[in-house]
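K.L.:
I would like the atomic coordinates for the input below:
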Amino acid sequence: MTAASKETLGFKTEVKQLLHLMIHSLYSNKEIFLRELVSNASDACDKLRFEALKNDGLFEGDSELAVHIDFDADAGTVTIEDNGIGMNRDDVINHLGTIAKSGTAEFLSQLSGDDKKDSQLIGQFGVGFYSAFIVADEVTVETRRAGEASGNGVRWQSHGEGEFSLEEIDKERRGTRITLHLKDDEKEFADSFRLRSLIKKYSDHIAVPVFLPQEVNSEDEDGDKKALPEAVNQAQAMWTRSKSDLSDDDYKEFYKHVSHDWNEPLTWMHNRVEGKLDYTSLLYIPAKAPFDMWNREAARGLKLYVQRVFIMDDAEQFLPLYLRFVKGVLDSNDLSLNVSREILQQDRQVESMRSALVKRVLDTLTKMAKNDAEQYLQFWNEFGAVLKEGPAEDFANKEKIAALFRFASTKGDASKEVVSLDDYIARMREGQNKIYFITGDSYESLISSPHLEYFKNKGIEVLLLTDRVDEWMVSHLNEYSGKSFQDVTKGELDLDELADDSEKEQQKELEETHKDLVERLQAALEGEVKHVRVSSRLTDSPACMVVGQFDMGGHLRRMLEAAGQDVPEPDTTLEVNPTHPLIERLDAEQDEERFADLARIIHAQAQLAEGSQLKQPADYVAKLNALLLELMK
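P.N.:
Now for the predicted structure:
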């Protein structure tokens, strides 16, 4: 190929930022580059094995899949080569010229310059190939996709700065060869013992052999010693080995291979099922949530194998969306090899396996919650909000999922204590048959909400829900252990189970005595609120806003409005506390214009107390300033 065919292209902006970070930061664990590149090579072999099921000509007469690692101490290079699926020109540009297509900006926004933290972030993001630039100042990739002509090879080269070059080459063997030109202070990796130890440490579990040259005493025609390749790893699928033969370190390293996460997993489940169904599963619960956790469209699922033959990377049919954080491998002897993705979704065996896997994950979490509260709290802080999607998606396991929920409440310090629904029910007052809750932006805003005053006064616990998904979750959960949920900001407070006879009688008297006040307020706030009534929930505050029992709560409504959604107007009610000095002063006001101004101030304060935005904040400020000036005379 002539030099004229060589093309120089620029990295996308996000990649340039990432590479700059990796090259100019210090890392305590540089050796992981080899694990990442070997894992990618192993995946390429898996993908070729799968595609060859439909077209065995892709093997090109060589079906022995393997990864070969070589080095040259004098030249300071390390080479990783596989005979897997390989890449064509478009693949190279897509895979090596850009990184993940979603979440990149968010990922980069969280990079701080703190070496340890950044290293963990990059590991969670799974940048794979780019880890080569931790130890190399130049990387050359030579590749050809299986089944294409030898003249369709591609060479990619970069110094990890702003550009990379592409040129067509002749490449006889399919697959990919990556050559790392090591930095001067990283030449330690061009060493047989060093590479061997890293392969055993990080890649012993992968299902293809990893070869390294072994020097032997025999000589070639020129009298030089020959370096014969030797398989360094066990090259046996990790999940097929007996649990008694595997150490915790084996499981942890395989997790890093299958998830591309540099952190160790929180826990794992390794099971072999025989009988009507015959399959092996190795599932992991990560310790840290990935950056795209809230992108429900992102690739997810288990690595699926059938009789040790790789089928797909992200088999999403075997776990529901609310368990999308679970990583791992599923290997079945019962699924048809040529089954399509659509048929797979409807297969009864798939449904049975899915049910069993979901049960296994939920049982593991239930056991963790019971036996190791600290570890479970770590899980909950990372994945609890995602688990809350469960009641809407998995009716059969609704109660089991809800038992795993943890909430802040009025009975504990949110920074130190969370409560389960079972704990809440165990602490219910005698005669109480509702689970009371309130939703909002933060613990701090909720704990001081006027809606809680009556409940605090009566010693009734209220759950404080601050996740975006909470109100939607409760609407699908409806009840737990026979107890219905009640939002304390909606509808009239039902005193039947909370108050004694004297309190109920006192409430009736207040409503009767202050009928005129309610009518005046209703007239003054016409068009701003739909109803005004004497409150049964306030003890210290002058007023609060309440919506209808079946209306959308304020927290969810504000989120949807901020996202540009059209939200129906709620059935708003201003509740007033007639025993509060401000309301007593308002009731005594004879000037109707002044009464209306004061009423609007109190209404605005009630809106602010619940976290709402005022429709006319300038009008509120003007009225408040006028009142302050009057008081200062």
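K.L.:
pull the longest helix from the chain.
P.N.:
Taking DSSP state H as the criterion, the chain has its longest helix at helix 348-371.
K.L.:
what mean pLDDT does that helix have?
P.N.:
Helix 348-371 carries an average pLDDT of 94.
K.L.:
then stretch 417-433?
P.N.:
Stretch 417-433 comes out at a mean pLDDT of 91.
K.L.:
domain map for this structure?
P.N.:
The chain breaks down into these domains under automatic domain parsing: 3-234, 239-373, 407-487, 501-632.
K.L.:
what's the span of the last one, first residue to last?
P.N.:
It stands for domain 501-632. 45 Å (Cα to Cα, to the nearest Å).
K.L.:
what does the helix or strand just after the longest helix of the chain rub up against?
P.N.:
Per DSSP states H and E, the first helix or strand lying C-terminal to helix 348-371 is helix 373-387. The contact list for helix 373-387 (Cβ atoms under 8 Å, 6 or more residues apart in numbering) reads 266-267, 285-289, 293-294, 322-325, 365, 368-369, 401, 404-406, 418, 467-469. Bear in mind the C-beta positions are built from the backbone N, C-alpha and C, glycine included.
K.L.:
just how off-centre is the longest helix of the chain within its chain?
P.N.:
19 Å (Cα atoms, centre = their mean, to the nearest Å).
K.L.:
show me what that helix is packed up against.
P.N.:
strand 267-273, strand 279-285, strand 327-332, helix 373-387, helix 398-402 (3 or more Cβ pairs under 8 Å, 6 or more residues apart in numbering; DSSP states H and E).
K.L.:
export the ones you listed to CSV and tack on distance to Val210 and mean neighbour count?
P.N.:
Output for those, formatted as CSV (distance: least, Cβ to Cβ, whole Å; neighbours: other Cβ atoms under 10 Å):
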stretch, distance to Val210, mean neighbour count
strand 267-273, 23, 16
strand 279-285, 20, 23
strand 327-332, 19, 24
helix 373-387, 33, 17
helix 398-402, 41, 19
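K.L.:
could those go into JSON lines alongside distance to Ser42?
P.N.:
Shown next, in JSON lines, are those (distance: least, Cβ to Cβ, whole Å):
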{"stretch": "strand 267-273", "distance to Ser42": "20"}
{"stretch": "strand 279-285", "distance to Ser42": "16"}
{"stretch": "strand 327-332", "distance to Ser42": "12"}
{"stretch": "helix 373-387", "distance to Ser42": "28"}
{"stretch": "helix 398-402", "distance to Ser42": "35"}
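K.L.:
so which of those comes closest to Ala606?
P.N.:
helix 373-387 (29.2 Å; Cβ to Cβ).
K.L.:
before we move on, back to that, list the buried residues of the longest helix of the chain.
P.N.:
349-350, 353-354, 356-358, 360-362, 364-365, 368-369 (16 or more other Cβ atoms under 10 Å).
K.L.:
any chance of those residues in TSV, with distance to Asn381 too?
P.N.:
Listed next are those as TSV, based on distance: Cβ to Cβ, whole Å:
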residue	distance to Asn381
Gln349	36
Val350	32
Met353	30
Arg354	27
Ala356	28
Leu357	24
Val358	22
Arg360	22
Val361	18
Leu362	18
Thr364	17
Leu365	14
Met368	13
Ala369	13
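K.L.:
name the nearest of those residues relative to Leu463.
P.N.:
Distances from Leu463 to these, taken by Cβ to Cβ, are shortest for Ala369, at 17.2 Å.
K.L.:
I figured that closest one hits Phe405, correct?
P.N.:
No: Ala369 lies out of contact with Phe405 (Cβ atoms under 8 Å); the separation is 10.0 Å.
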